[in-house]
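Q: Sequence first, predicted model second:
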Amino acid sequence: MVKQMKGRTTCPKCKKEFVLDLPEDNKNHEVTCPKCNNKFLIKTKCDEKKSKKECSWEEYGEPRKTILSSIKPKTNKPLICGIILLCVFGLGISTTVFSETFVETSLDTAKAVGLTGTVKITITDQFNNSLDNITVVLNEETIEPNGNGTYYKQGVELGIHALLLSNAEAYKTKKVELLIAPFIVTESTVEMEEGIGEAETVYFDFVGCSIILGIFSVFALLGMIACFKRQHFDLALAGSFLAIFSFGFFFIGSILSIISFVVVMRSREEFEDGKKGKIF
């Protein structure tokens, strides 16, 4: 029994592209265009010397396309994902420009629906030695050390809060502002200063926050381009996922990114990530 293989070709007369099965027998085969009924010849050529067969199809002497295991009709899913990610990018950039206002109001909204955050604080001295004898207070609650100078707490109220660190016997009291956001662990390394009194307060850097939000927004843009081109599935998937952390406009951008991520996952077959299978 002669082995059949599926491929795609184009009518030289009307340029109609269609799928057909041909026997892998290295012979000329006459095919008929389903659109204009034009008849033309196709010949399969296989190189048996190669470990992986590479074949070519010919239409009147011209090499043809890539062999396909299957052809599925295209949908608008990648296009929809691209439009969603474009919106996420716009929301993310807006949030970046007006980061202080949007961050505070977005966190208030998330707090209202019951979301909380997690903090991880690492405390060291000026010689980078871990300290476990520091009293750490956040929102009037003391955080106990977990060892190796690490203080970890879940279920923290969202927002910008002051972390108070003290050890009157050896170190200056220090106040550090932290942004507690949902979905991610807020990590900070604090270096204590020897002496008595109060050290300089470390305020939250909104400029740095804007840069981070802007970077995550750019991932949405990259994912959008991949979706519009229907190429680089991994980039489209990564762009949709990382755009979740752009936190655009009261977390609307994050919600849209999650939707895009799910739709991209369901439309994987529509992305062309290079040539697969035998080459015709």
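A: Here it is on my side, so go on.
Q: Please spell out the segments of the stretch 1-150 of the chain that come in under the pLDDT threshold.
A: Applying pLDDT under 70 to the stretch 1-150 of the chain picks out residues 1-3, 43-73.
Q: 50 instead?
A: 47-71 (pLDDT under 50).
Q: Roughly how far does L91 sit from G149?
A: To G149, L91 is 38 Å away according to Cβ to Cβ, to the nearest Å. C-beta coordinates here come from the backbone N, C-alpha and C atoms, glycine included.
Q: Neighbour count: the two, which is higher?
A: Neighbours were counted for L91 and for G149 using other Cβ atoms under 10 Å; L91 has more, 25 against 21.
Q: Buried residues, the helix or strand hosting C87. List them.
A: Counting by DSSP states H and E, the element that carries C87 is helix 77-97. Residues 77-78, 80-96 are the ones in helix 77-97 that count as buried (16 or more other Cβ atoms under 10 Å).
Q: can you map out the strands along this structure?
A: Using DSSP state E, the strands of the chain run over residues 4-10, 17-23, 28-32, 39-46, 55-59, 62-63, 117-124, 135-138, 141-143, 145-147, 150-156, 159-167, 171-180, 185-191.
Q: nearest to I215, of those?
A: With Cβ to Cβ, the closest approach to I215 among those belongs to strand 171-180: 15.6 Å.
Q: which outside residues touch that closest one?
A: Contact partners of strand 171-180, identified using Cβ atoms under 8 Å, 6 or more residues apart in numbering, comprise 103, 107, 117, 119, 125, 131, 134, 138, 156-166, 186, 188, 190, 192-199, 201-204, 209.
Q: try 6 Å this time
A: Outside of strand 171-180, the residues within contact range by Cβ atoms under 6 Å, 6 or more residues apart in numbering are 117, 156, 158, 160-166, 186, 190, 192-195, 197-199, 201-204.
Q: Then stretch 26-39?
A: So stretch 26-39 is contacted by C11, K13, C14, K16, F18, L22, L41, I42, K43, T44 (Cβ under 6 Å, 6+ apart).
Q: OK, contacts around the third one?
A: Contacts were defined as Cβ under 6 Å, 6+ apart; by that measure C14 touches K35, C36.
Q: next one: the second one
A: K13 makes contact with C36, N38, according to Cβ under 6 Å, 6+ apart.
Q: if I look at C14, how far off is G223?
A: Distance, C14 to G223, using Cβ to Cβ: 36 Å.
Q: Likewise for P12?
A: Separation of P12 from G223 (Cβ to Cβ): 38 Å.
Q: and what of E194?
A: For E194, the distance to G223 - Cβ to Cβ - is 48 Å.
Q: quick revisit: now render the contacts of stretch 26-39 as a markdown table, adding distance to N28.
A: Formatted as a markdown table, the contacts of stretch 26-39 follow (distance: Cβ to Cβ, whole Å):
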| residue | distance to N28 |
| --- | --- |
| C11 | 17 |
| K13 | 18 |
| C14 | 21 |
| K16 | 21 |
| F18 | 18 |
| L22 | 10 |
| L41 | 5 |
| I42 | 7 |
| K43 | 5 |
| T44 | 9 |
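Q: sorry, back to before: outside of the helix holding C87, which residues touch it?
A: By Cβ under 6 Å, 6+ apart, helix 77-97 touches 102, 210, 213-214, 217, 220-221, 223-224, 227-228, 230, 243, 246, 248-249, 253, 256-257, 260, 263-264, 267, 270.
Q: if you set the cut-off to 8 Å instead, what comes out?
A: Residues outside helix 77-97 that contact it (Cβ under 8 Å, 6+ apart): 102-103, 106, 210-211, 213-214, 216-218, 220-221, 223-225, 227-228, 230, 236, 239-240, 243, 246-249, 252-253, 256-257, 259-260, 263-264, 266-267, 270-271.
Q: Can I get the buried part of those residues as one PyMOL selection?
A: Per 16+ other Cβ under 10 Å, the buried members of those correspond to this PyMOL selection:
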select buried, resi 102+103+106+210+213+214+216+217+218+220+221+223+224+225+227+228+230+236+239+240+243+246+247+248+249+252+253+256+257+260+263+264+267+270+271
